[in-house]
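Undergrad: starting from these lines, generate the structure:
(one chain, ligands or ions: 2)
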Amino acid sequence: MADSSPLYLGLDLSTQQLKVLAVKSNLETVFEEAVSFDDDLPSYGVRKGVFVNEKDDEVFAPVAMWIEALDLLLQRMKNKGFDFSRVKGISGAGQQHGSVYWSKGAESLLSSLSTEKSLLEQLSPKAFSWKFSPNWQDHSTSEQVAAFDDRVGGDDLLAKATGSGGHHRFTGPQILRFVQLHPEEYAATSRISLVSSFLASLFLGKIAPIDISDVCGMNLFNIETETWDDRLISLAASPSGTDPVATKVLYEKLGEVEPDGGKNLGPISSYFVKKWGFPTDCAIIPSTGDNPSTILALPLHPQDAIVSLGTSTTILMSTEKYYPSPAYHMFNHPTQPGLYMFMLCYKNGGLAREEIRDAVNKAKGINDHSWAQFNKAAVETPILGKTSPDDKAKLGFYFPLPEIVPNVGNPGFYRFEVDNTSKKVEESKGWDVTHDARAIVESQALSMRIRSAPLLDPKNPQPRRVYLVGGGSRNKAIAHVLADVLGGIEGVYKLDVGNACALGAAYKALWAVERRDSGESFEDLIGSRWNEEGKVEKVMDGYKKGTWEAYGEVVQAYTEAEGRVQKGEAKGDTSLI
Ligand SMILES: Nc1ncnc2c1ncn2[C@@H]1O[C@H](COP(=O)(O)OP(=O)(O)O)[C@@H](O)[C@H]1O
Ligand SMILES: O=C(CO)[C@@H](O)[C@H](O)COP(=O)(O)O
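TA: Ligands and ions are numbered 1, 2, ... in the order given. Below you'll find the model as predicted:
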């Protein structure tokens, strides 16, 4: 007999793809599908999911492309025989910070969709006052970020209030720039969604509220008072920052924030029932950011860290401590009031590693994008590129794009050498590009190690476990170097679950629908059904005596070299070879 047990869908609308994953109540993943923006929707002409306007430091994506991706994803699911009638709940994960500007007619369009036509035909362009969404790689808002920091007395006070100092990609500065550059389109905007709440809105058939965790990526929400911060809303609303009418208008465009990550926002819109066969009682649960969603892909212990090796590279931890600093981000936990998510986000993550991979291949006369040479070089190069204890340590910083951590506006590649005895840090005259394969992963991991230290128990300054997720997690050489630098008392693990953000979203939908009452926590419900066998694979030992300590010895030199890069005092190179 055909299985008719409930299914829960998690979608991930990330930079390069829209993915979906379905789980059963016992947490078993039974279906996965994806649409790649570059490969499956070439007519938009995006590269790696985005358009880049280098002149103005803008990075953005067409909203229509995401809608067409959803049409295509559902069609592919149907073609594969997916049984929509079993879906009892849907939640999602969206690339963070991006904003979608709905037109005045949007709600009525969303609520009266005809099954004769696709979502794309009916919503684009009419449902939007602006056809693009700024992407998290955008770097165009320096002026606005300075205004945000100043508004509350500096980036440390902004971090205290909102969980982060001012950041180019954060939605508040992006909205202010939109107000300044596109006043007519802003006036024609009825509501502003994040990418996550945009996704939920499509399924709900009306504008969904912004989620309690993803809202922390806006520089607009005060985590301490648990409400929009009036000082920052009024700044984003008008360049003067003192226009009460403009402030009121922005409050209306943003709407309420939903405090319960497991709230049933309502049943799925009738369009999806009639067109695809979803049941009428399928619940739409708030979508959150892709990073908050990732920490829901497994029951995370205190002192555990997740390293997400996607387009961006992030390190995530769940913590009871609200310990804000402009050096990193704190978000509300997506399901548990009183818990927080710590995050560092590197723009030069996957794309920078790919540049080095290609340079290493080129140096070896290989003209493709395979990882074999990069991996060989990363594993065979000794720790910090030192072949003997007296050798100088090699430290590299690889920023083909402007970087978030540290805040570096000018792209470039920087190589330093550290004298073993004097600890003097000098810019290198250059080294063989094969050293860069290890050096880039060491550099990214050292940054994570140094900046996550305040969150770890000082008596136990290593994570308990490091979990790797995202496209790069299948790479054992990267895991090897990360393990050397970060340690990990129990080791380094790969979360073998397909897409962790989509899985976290599917678990969130499951928890929201099946929790006994609003008191049953996500951790309790998912923890009681979780069996790590088949889902978690140990890929490396973590702590290796001597190795972890060797990296400890260059922490100071690393901080000094990074400071020079940040202050523009290092020369660097514009190419690797
Ligand atoms: N074998 C591999 N080794 C290292 N990196 C890889 C490998 N396979 C894929 N990647 C990286 O994974 C990234 C995409 O990760 P993914 O998690 O799918 O993306 P997104 O962040 O858009 O969700 C690419 O930028 C690519 O560099
Ligand atoms: O900007 C951030 C987090 O602050 C990024 O992590 C985005 O959320 C995009 O994620 P991916 O598409 O790389 O998964």
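
Undergrad: my guess is Val466 contacts Ile489. True?
TA: No: counting by C-beta atoms under 8 Å, Val466 does not reach Ile489; the two are 9.8 Å apart. No exception for glycine: its C-beta is placed from N, CA and C like everyone else's.

Undergrad: and those two? Which one has more around it.
TA: Regarding Val466 and Ile489, a neighbour count based on other C-beta atoms under 10 Å identifies Val466 as having more, with 28 against 13.

Undergrad: the more buried one is in what secondary structure piece?
TA: strand 465-469 (DSSP states H and E).

Undergrad: state the mean pLDDT of that strand.
TA: In this model, strand 465-469 has a mean pLDDT of 97.

Undergrad: who does it pair up with?
TA: strand 305-309 (parallel), strand 491-495 (parallel) (DSSP bridges).

Undergrad: close to ligand 2: what parts of the stretch 101-250 of the chain are there?
TA: Residues of the stretch 101-250 of the chain lying close to ligand 2 (C-beta under 6 Å from any ligand atom) are 136, 169, 217.

Undergrad: separate out the buried members of those residues.
TA: 136, 169, 217 (16 or more other C-beta atoms under 10 Å).

Undergrad: secondary structure class for the closest residue to the first one other than its chain neighbours?
TA: It stands for Trp136. What sits nearest to Trp136 in space, not counting adjacent residues and going by C-beta to C-beta, 6 or more residues apart in numbering, is Arg169, at 4.4 Å. Judged by DSSP: H, G, I helix; E, B strand; the rest coil, the three-state class of Arg169 is coil.

Undergrad: how near is Arg169 to ligand 1?
TA: Distance, Arg169 to ligand 1, using C-beta to the nearest ligand atom, to the nearest Å: 14 Å.

Undergrad: OK, contacts around that residue?
TA: 96-97, 134-139, 141, 404 (C-beta atoms under 8 Å, 6 or more residues apart in numbering).

Undergrad: of those - the most surrounded one?
TA: Neighbour max across the contacts of Arg169 (other C-beta under 10 Å) = Gln96, 30 neighbours.

Undergrad: Glu355 touches Ser575, doesn't it?
TA: No: contact criterion C-beta under 8 Å: Glu355 and Ser575 do not qualify, at 9.4 Å.

Undergrad: more crowded one of the two?
TA: Just comparing Glu355 and Ser575: by other C-beta under 10 Å the higher neighbour count belongs to Glu355, 18 against 9.

Undergrad: what is the burial count for the nearest residue to the more buried one once chain neighbours are set aside?
TA: Distances taken as C-beta to C-beta, 6+ apart put Pro400 closest to Glu355, at 5.2 Å, once the chain neighbours are dropped. The burial count assigned to Pro400 is 18, neighbours taken as other C-beta under 10 Å.

Undergrad: now do Asp457, the pLDDT please.
TA: 88.

Undergrad: endpoint to endpoint, stretch 454-463 covers what distance?
TA: 12 Å (C-alpha to C-alpha, to the nearest Å).

Undergrad: now, the contacts of Arg169 that are in strands?
TA: Pro134 (DSSP state E).

Undergrad: endpoints of stretch 126-135, how far apart?
TA: Terminal-residue distance, stretch 126-135 (C-alpha to C-alpha): 21 Å.

Undergrad: need the buried ones among the residues of the stretch 101-250 of the chain next to ligand 2 in TSV (columns: pLDDT).
TA: As requested, those are arranged in TSV below (pLDDT from 0 to 100):
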residue	pLDDT
Trp136	96
Arg169	97
Gly217	98
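
Undergrad: state the helix or strand in which the closest residue to Pro299 other than its chain neighbours lies.
TA: Spatial nearest neighbour of Pro299, excluding adjacent residues (C-beta to C-beta, 6+ apart): Gly527 at 4.1 Å. Secondary structure assignment for Gly527, by DSSP H and E: helix 522-529.

Undergrad: swap in Ala146?
TA: helix 142-151.

Undergrad: do the same with Asn219
TA: Secondary structure (DSSP H and E) places Asn219 outside all helices and strands.

Undergrad: from what I see, it and Gln174 are in contact.
TA: No: with contact defined as C-beta under 8 Å, Asn219 does not count as touching Gln174 (9.3 Å).

Undergrad: more crowded one of those two?
TA: Asn219 (33 against 29).

Undergrad: give me every residue that touches the more buried one.
TA: Taking C-beta under 8 Å, 6+ apart, one finds 148, 158, 162, 164, 166-167, 170-173, 232 in contact with Asn219.

Undergrad: rewinding a little: would JSON lines of the contacts of Arg169 with distance to Tyr271 be doable?
TA: Compiled in JSON lines, the contacts of Arg169 are given as follows (distance: C-beta to C-beta, whole Å):
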{"residue": "Gln96", "distance to Tyr271": "27"}
{"residue": "His97", "distance to Tyr271": "28"}
{"residue": "Pro134", "distance to Tyr271": "28"}
{"residue": "Asn135", "distance to Tyr271": "28"}
{"residue": "Trp136", "distance to Tyr271": "29"}
{"residue": "Gln137", "distance to Tyr271": "32"}
{"residue": "Asp138", "distance to Tyr271": "32"}
{"residue": "His139", "distance to Tyr271": "37"}
{"residue": "Thr141", "distance to Tyr271": "36"}
{"residue": "Ile404", "distance to Tyr271": "38"}
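
Undergrad: of the contacts of Arg169, closest to Trp66?
TA: Using C-beta to C-beta, Asn135 comes nearest to Trp66 of the contacts of Arg169, at 11.6 Å.

Undergrad: right, and the residue nearest to Glu355 touches Gly350 too?
TA: No: with contact defined as C-beta under 8 Å, Pro400 does not count as touching Gly350 (11.4 Å).

Undergrad: what residues does the stretch 201-350 of the chain have near ligand 1?
TA: So far as C-beta under 6 Å from any ligand atom goes, the stretch 201-350 of the chain lies against ligand 1 at 310-311, 350.

Undergrad: still on that earlier bit, tell me which residues of the helix holding Ala146 come out buried.
TA: 144-145, 147-149, 151.

Undergrad: what's the mean pLDDT across that helix?
TA: On average, helix 142-151 scores 97.

Undergrad: ok, stretch 503-518 next?
TA: 94.
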